[in-house]
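Participant: based on what follows, work out the 3D shape:
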Amino acid sequence: MNNYLLDDENDNVQIIPISENEINKTGRILNDNDIIGVLPLKNMVLFPNVLLQVNVSRQQSLKLAKQAYQEDLTIAVCCQKDSGKTDPQSEDIYAIGTSARVLRIFDMPDGSTTIILEGIQPIKIEEITETTPYLKARISVLEEQIPDLSDSEFVAMVSNIKQQALKLLENADNVPLEARFSLRNIETPPTLINYVCVNFGIKLSDKQKLLQELDLVKRAFALLEMLNKEVEMLEIRKSIHEKTREDINKEQREYYLQHQMRQIQKELGDTTAQTANEMREKAGKKKWSEQTGQFFEEELKKLERMSIHSPEYSTQQNYLNTLLDLPWGEYTEDNFDIRHALEVLDEDHYGMEKVKERILEYLSVLKMKQNKTKGDSADSPASFKAPIICLYGPPGVGKTSLGKSIATALGRKYTRISLGGLHDEAEIRGHRRTYIGAMPGRIMTNIQKVKTSNPVFVLDEIDKITADYHGDPTSALLEVLDPEQNTAFHDNYLDVDFDLSKVLFIATANDLSGIPRPLLDRMELIEMSGYLQEEKVEIAKRHLIPKQYENHGITKESMSLNDEAINFLIDKYTRESGVRELDRKIASIMRKVVKKIALNEEYNHDITPQDIKQFIGKPRYNRDMYENNNYIGVVTGLAWTQVGGEILFIETSLSESKTPTLTITGNLGDVMKESATIALGYIKSHASELGIDKKKLDSSSVHLHVPEGAIPKDGPSAGITMTTALVSAFTGRKVRERLAMTGEITLRGKVLSVGGIREKILAAKRAGIEHIILCKENKKDIEEIPKKYIDGLTFKYVDDINEVLDYALL
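Facilitator: Modelled structure (predicted):
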């Protein structure tokens, strides 16, 4: 009958038949202090009465094995403590080992040598005596303590060992039937115990401990504990396997299909590798930093490791394409021709002198910086940090369109985002890539679209940003609009820094009160007030009417609007700071004309105010005009509104009363009411100086009224007007003809300066006013108004209310 050897060196069980003649070979019987060769083993422990297959590669071990086989020598087999040692010495091997015979030597096809060892009895190495040509040692013989084989407890323990070992073999997929057959046929308990110790998956250190235990009962007990743990772990793994088998089968099926798909793709051409190579080639041309380049390479390697059918593949590919599409270090060349810039700004926009001056200043500084850094590369812009400009003013005055003109003047690309209603911080900084549907913020998206790192970037309606639980977008804008921070703007989606310092940001706003102070502090504020009526007329002739000609397919020969018609249109049909409503009214008139042309109807080619009434209906608004100075106690004042200047009339009447009161009507605000109270208080305290009868002053109730009560009015600028009206009423003196005034008054009678002078002056001129009283401090405002707008006006500059009264009252 044949015996079988289990080889589990590489977790692959192999059955090697051993003949009876080989088993019965007799090696020399050992005695204490014998000197024999030592064969160190890696990761294996040999037990007595057990066969073991060993692959021999070291020359020393090979010499020993061949000599022992040829001369039928008994050798010592010991396990190495560290399998990494290639030339083990005495301290590198365990002292307790097993004496053995070499039963067979195989020369394998791959050039290696395999030997089969049979363990005989335990031995102990007392001393290494030689190291060449192989290790030799003086040994002492150990005896195993074999119990009474009829002991029922020992027999039961061995039976349990056999049962547990068979259970492990039955659940091992790579064990042949012969292995189970061999285990079942081992009847001798010591051999069974040692057989299981050698051939089952027990830790190397535990195997060595079992070998060192010479009492077979204790060895069997320890072995049974180890097998029980393995069986328990086997049951747990089996339970988990049953629960997950369906998922695993599905995954295996998907894996198989994906593997097949990869093979098909490989035959058709590896698209993943091709895509990665194309991206790597593009990345090599990018002018990004070394750190960004390393980051891109790491992300590209992730893509290469992914399956093309993985859900993350397209996400990663889109991310890398976004990085490649951004204009890293790519700039358009600026046009530093200052005269050309001025021509462009004048052509596109009428007026706006302060704004144009600031833009030209910026261009001049940039030009000087460029001249200073001529040694730099041609595609590198000057190292001048672009200012953050905020244009604020009422709607329709051309804040947004000015951004386009600036871009044209500079020769830069133009982009714009509207921030009105924005409430999510991620709209500015982007979404993190962990979110489904993540994308860059709108800042980087627009930079990607224009493909340059120095565009003119308009942030429209910055005062209309809101905040909620998604975060505060204005806080994110602090980084964007800070020249000290935006050199390394961090978008959450990109996850790398991008330089925004060369971008010319232009923010627009209607009301600065809606902008947080920290954000406001980072911007250079430039006010764009409403257009004067004279400016609106010029804008209509230069821009609006030619644009509508083109939109409606007609020419100026088909119809024309002269200054009188345009002024009538502005006065009677619009009330706005800008020109949007005026543009719509001009378009409405042209549609009527186009209709008449299409129907071959007669019409007046030179549009008159009467034609305008016929085309677009009756006038919606009426401006106050100067009437006369026939009434005592009526004075003309000047007011500022968002849609321009207006004149207003301050009317005063007196009535006898035992309990004098001051009544104020006309929908006036608190500040304006206070101005009336101050005026009356000043008059009472200076009645004798003003020539007012004290008795009349104490017995008269005063009623002060400002017409058009449906319109709210407020502000301190009517102070001197109210004072003049009250003095006129109390003294019976009329007011100078065609006179208007504006200014704040104090209890001391001092006249203070007010705002909105330009709009007020032009409103006065349109109303037929010829003489205007102002505070001396407002003289500088008059000097800024073009002379053609103030021809025919006389200005009286005053410091004290007495100067006002002396000039105003006849």
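Participant: give me the contacts around the host helix or strand of Glu343.
Facilitator: Secondary structure assignment for Glu343, by DSSP states H and E: helix 338-348. Around helix 338-348, the neighbours that count as contacts under CB atoms under 8 Å, 6 or more residues apart in numbering are 335, 352, 356, 359-360, 363-364, 367, 401-402, 404-406, 408-410, 543. For glycine as for every other residue, the C-beta is placed from the backbone atoms N, C-alpha and C.
Participant: what subset of those is buried?
Facilitator: Among the contacts of helix 338-348, those classed as buried by neighbour count (16 or more other CB atoms under 10 Å) are 335, 352, 356, 359-360, 363, 367, 402, 405-406, 408-410, 543.
Participant: picking up where we left off before, what about the contacts of helix 338-348, which are in helices?
Facilitator: With helices taken from DSSP state H, the overlap with the contacts of helix 338-348 comprises 356, 359-360, 363-364, 367, 401-402, 404-406, 408-410.
Participant: so which of those residues is the closest to Leu216?
Facilitator: Lowest distance from Leu216 to the ones in helices among the contacts of helix 338-348 (CB to CB) belongs to Leu410, with 96.1 Å.
Participant: is it true that the closest one touches Tyr331?
Facilitator: No. Counting by CB atoms under 8 Å, Leu410 stays clear of Tyr331, with 11.5 Å between them.
Participant: show me where the stretch 251-400 of the chain has strands.
Facilitator: For the stretch 251-400 of the chain, the strands defined by DSSP state E, counting those that start in this stretch cover 389-392.
Participant: now do the stretch 601-750 of the chain
Facilitator: With DSSP E, counting those that start in this stretch as the criterion, the stretch 601-750 of the chain has strands spanning 606-607, 634-641, 644-656, 662-665, 700-705, 739-741, 744-745.
Participant: and the last one, how far from the chain's centre?
Facilitator: To tie it back to what came earlier, the one meant is strand 744-745. 52 Å (CA atoms, centre = their mean, to the nearest Å).
Participant: helices and strands around it, which ones?
Facilitator: helix 670-685, helix 719-731, strand 751-752 (3 or more CB pairs under 8 Å, 6 or more residues apart in numbering; DSSP states H and E).
Participant: equivalent analysis for the longest one, please.
Facilitator: Helices and strands touching strand 644-656, by 3+ CB pairs under 8 Å, 6+ apart, are strand 634-641, strand 700-705, helix 719-731, helix 757-766.
Participant: in its sheet, what does it sit against?
Facilitator: If you go by DSSP bridges, strand 644-656 pairs up with strand 634-641 (antiparallel), strand 700-705 (antiparallel).
Participant: for these, which one sits closest to Ala273?
Facilitator: strand 634-641 (69.3 Å).
Participant: any idea of the mean pLDDT in that closest one?
Facilitator: Regarding strand 634-641, the rounded mean pLDDT is 87.
Participant: show me the shaky parts of the stretch 401-550 of the chain.
Facilitator: By pLDDT under 70, the low-scoring segments of the stretch 401-550 of the chain are 468-470.
Participant: give me that answer again for 90
Facilitator: Along the stretch 401-550 of the chain, segments meeting pLDDT under 90 span 401-411, 419-439, 441, 454, 462-490, 494-495, 500-504, 510-539, 542.
Participant: do the stretch 651-800 of the chain as well
Facilitator: 656-661, 666-670, 672, 686-700, 706-718, 732-733, 737-738, 755-769, 781-792.
Participant: state the distance from Glu144 to Arg412.
Facilitator: 93 Å (CB to CB, to the nearest Å).
Participant: ugh, wrong one, I meant Ser83
Facilitator: From Ser83 over to Arg412 (counting by CB to CB), the distance is 69 Å.
Participant: who has more neighbours out of these two?
Facilitator: Neighbour count, other CB atoms under 10 Å: between Ser83 and Arg412, Arg412 has more, with 23 against 14.
Participant: pretty sure that one contacts Ile506?
Facilitator: No. Taking contacts as CB under 8 Å, Arg412 lies outside contact range of Ile506: 11.4 Å.
Participant: re the thing from before, got the helices and strands packed on strand 744-745 as CSV, with mean neighbour count and distance to Leu204 columns?
Facilitator: Below are the helices and strands packed on strand 744-745 laid out as CSV (neighbours: other CB atoms under 10 Å; distance: least, CB to CB, whole Å):
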stretch, mean neighbour count, distance to Leu204
helix 670-685, 18, 95
helix 719-731, 26, 103
strand 751-752, 22, 100
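Participant: CSV please, covering those and showing distance to Pro516.
Facilitator: Below are the helices and strands packed on strand 744-745 laid out as CSV (distance: least, CB to CB, whole Å):
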stretch, distance to Pro516
helix 670-685, 27
helix 719-731, 34
strand 751-752, 31
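Participant: out of these, flag the one nearest Asn55.
Facilitator: Among these, helix 670-685 sits nearest to Asn55 (CB to CB), with 103.3 Å.
Participant: just the angle for that closest one relative to strand 634-641, thanks.
Facilitator: If you take axes from the mean of the first three to the mean of the last three CA atoms, to 10 degrees, helix 670-685 sits at 150 degrees to strand 634-641.
Participant: roughly how far is helix 670-685 from the heart of the chain?
Facilitator: Per CA atoms, centre = their mean, the centroid offset for helix 670-685 relative to its chain is 57 Å.
Participant: swap in stretch 571-580?
Facilitator: 41 Å.
Participant: identify the residues contacting stretch 429-449?
Facilitator: So stretch 429-449 is contacted by 315, 319, 322, 325-327, 415-417, 426-428, 453, 455, 457, 476, 480, 489-495, 498, 500, 503 (CB under 8 Å, 6+ apart).
Participant: with just CA atoms, put it into CSV.
Facilitator: Extracted as CSV, the C-alpha positions of stretch 429-449 are listed here (Å, rounded to 0.1, in the frame of the first residue of the first chain):
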residue,chain,number,x,y,z
ARG,A,429,-16.4,79.1,-4.9
GLY,A,430,-17.7,76.1,-6.6
HIS,A,431,-18.9,72.7,-5.3
ARG,A,432,-16.6,70.1,-3.8
ARG,A,433,-16.1,67.1,-6.1
THR,A,434,-17.7,64.8,-3.5
TYR,A,435,-21.1,66.1,-4.5
ILE,A,436,-23.1,64.7,-7.4
GLY,A,437,-23.2,67.2,-10.2
ALA,A,438,-20.3,69.3,-8.8
MET,A,439,-19.0,72.1,-11.0
PRO,A,440,-16.7,75.1,-10.7
GLY,A,441,-18.0,78.4,-9.4
ARG,A,442,-19.3,81.1,-11.8
ILE,A,443,-16.0,83.0,-11.5
MET,A,444,-13.9,80.1,-12.8
THR,A,445,-16.5,79.1,-15.3
ASN,A,446,-16.4,82.5,-17.0
ILE,A,447,-12.6,82.5,-16.9
GLN,A,448,-12.8,79.2,-18.7
LYS,A,449,-15.1,80.5,-21.3
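Participant: buried set for that stretch?
Facilitator: Buried, per 16+ other CB under 10 Å, within stretch 429-449: 429-431, 433, 438-448.
Participant: for stretch 749-768, same thing?
Facilitator: Applying 16+ other CB under 10 Å to stretch 749-768 flags 749, 751-754, 756-767 as buried.
Participant: hmm, back to that, which one of the strands of the stretch 601-750 of the chain is the most hemmed in?
Facilitator: strand 739-741 (a mean of 27; mean count of other CB atoms under 10 Å).
Participant: can you give the contact residues for that strand?
Facilitator: Under CB under 8 Å, 6+ apart, the answer for strand 739-741 is 626, 629, 635-638, 647, 720-721, 724, 764, 767, 769-774, 804, 808.
Participant: same question, stretch 508-526
Facilitator: Applying CB under 8 Å, 6+ apart, the contact partners of stretch 508-526 are 354-355, 358, 387-395, 399-400, 403, 458-464, 474, 477-478, 481-482, 507.
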